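Visitor: Model the following, please.
(one chain, ligands or ions: 2)
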Amino acid sequence: MSAPLLDRFGRVHRYLRISVTDRCNYRCVYCMPAEGLSWLPREHLLRYEEIGRLVGVFAKLGVHKVRLTGGEPTVRADIEALVGAVAAHPGITDLAMTTNGHTLARLAPRLAAAGLRRVNVSIDSLRPERFAALTRGGELGRVLAGIDAALAAGLRPVKLNAVIIGGENDDEVLDLVRFAGERAPHLALRFIEYMPFGERWHRSVPSAELRRRISAQHALEPLPAPAMGDGPARTWRVVESGLELGFISPLSEHFCATCNRLRLQNDGHLRTCLAHEDTPSLRDLLRAGADDDALEQAIRAMVMAKPEGHAALITGGVPFEGVMTRIGG
Ligand code: SAM
Ligand code: SF4
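Guide: Numbering: from 1, shown residues only. Ligands and ions are numbered 1, 2, ... in the order given. All right, here's what the predicted structure looks like:
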């Protein structure tokens, strides 16, 4: 294996998030406009064999954790084939997916058989009507069935992701803690601070405020800080139920100093930082015939140029270039 992917600030990169499509069967209010987006033409999307080849190069550079996301990864045709192509690289020891869960009841056994290890399922409300409103048409019953199917297929623990928006669903924080706690340790829960992508709609509820509300009802004990490579959540345990509770706080407790993630967009651009799109596109290099050494050099150069952080950008209210579905969350 080559030397690890180090940047100028000493951060080692072992985690790659891949957005496999910008399309989605939901239209969550915080992610997409009701009419959807102008989808990328299919020929602009990375093909499965291109993703598989890039994952091979990243694995050689020390990446061992991959997460498939989107858009909604399960709307891309034959997603199990991509799972199989990524899982086939022996260096990839942790392969996960973030999904809205809409088709998980059907797909979970096939994804597990193809080599998927874990899933995160987004669920922002436990009230069917509110769930449908937040996702603009999502069906809570299907997502709950998807969670059951994922657990039955061995994709454990299932981590539930909830984006909390002040005045929309912040009254359900304790309900979500109770729901997940009843099935701990097979379920874990992550609260994600709402990020004002592309608009200035600042209704984010800081993680510290959520923790204050939860700890007024439940004793919490902090879990050890994750090792670099385990993602940005700060985690606590609900003493009573044993539930692992994570807080992802891109706004209030940004984690740039330990950021070990790289994002491969569905158009083939790498994002070494959420707030910064790198060039040239790896897709263009691949299609121009670059060999693995050339891809490795290009990736190393982009990682070397990774900015120190994005906190000033987002707290200043400057929207990121690009959209969440291209970046993959
Ligand atoms: N469709 C899949 C899903 O919803 O889980 C995967 C893609 S989605 C873009 C990935 C994650 O980003 C989801 O957990 C979603 O809730 C979160 N997300 C989307 N827009 C967000 C925003 N504006 N602020 C915070 N999180 C957001
Ligand atoms: Fe689709 Fe996920 Fe965005 Fe919701 S958050 S619109 S499910 S990509």
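Visitor: from here on, contacts and neighbour counts on C-alpha atoms
Guide: Noted.
Visitor: List the residues that contact residue 124.
Guide: Applying Cα atoms under 8 Å, 6 or more residues apart in numbering, we find residue 124 in contact with 131, 134, 161-164, 169.
Visitor: so does stretch 132-152 get close to ligand 1?
Guide: No. Figure legend: stretch 132-152 not in contact with ligand 1 (Cα under 6 Å from any ligand atom); closest approach 9.1 Å.
Visitor: what comes into contact with that stretch?
Guide: Outside stretch 132-152, the residues touching it (Cα under 8 Å, 6+ apart) are 26-29, 34, 100-106, 108-109, 119, 121, 123-124, 126-128, 131, 156-158, 186.
Visitor: Return only those of the residues you listed found close to ligand 1.
Guide: 100, 121.
Visitor: Just the buried ones out of the contacts of stretch 132-152, please.
Guide: Neighbour counting with 16 or more other Cα atoms under 10 Å marks 26-28, 100-105, 108-109, 119, 121, 123-124, 126, 131, 156-158, 186 as buried within those.
Visitor: Restricted to strands, list these.
Guide: With DSSP state E as the criterion, strands contain 119, 121, 158 from among these.
Visitor: which residues sit in contact with the second one?
Guide: Just to be clear, that refers to residue 121. 98-101, 147, 158-161.
Visitor: switch the cut-off to 10 Å
Guide: With Cα atoms under 10 Å, 6 or more residues apart in numbering as the criterion, the residues that contact residue 121 are 97-102, 104, 143-144, 146-147, 150, 158-162, 189.
Visitor: Ligand 2 next: which of the residues you listed are close?
Guide: Restricting the contacts of residue 121 to those within reach of ligand 2 (Cα under 6 Å from any ligand atom) leaves residue 100.
Visitor: Quick one: residues in contact with the helix or strand residue 208 falls within.
Guide: Using DSSP states H and E, residue 208 maps to helix 207-215. With contacts defined as Cα under 10 Å, 6+ apart, helix 207-215 is touched by 164, 170, 173-174, 177, 191-193, 218, 220-221, 234, 236, 238, 245-253.
Visitor: Can you give me the distance of residue 177 to ligand 1?
Guide: 16 Å (Cα to the nearest ligand atom, to the nearest Å).
Visitor: Now that residue. Nearest residue, chain neighbours left out?
Guide: The shortest distance from residue 177 to any non-neighbouring residue, by Cα to Cα, 6 or more residues apart in numbering, is to residue 189 (7.3 Å).
Visitor: Would you confirm that residue 56 belongs to a helix?
Guide: Yes. Residue 56 forms part of a helix when assessed by DSSP: H, G, I helix; E, B strand; the rest coil.
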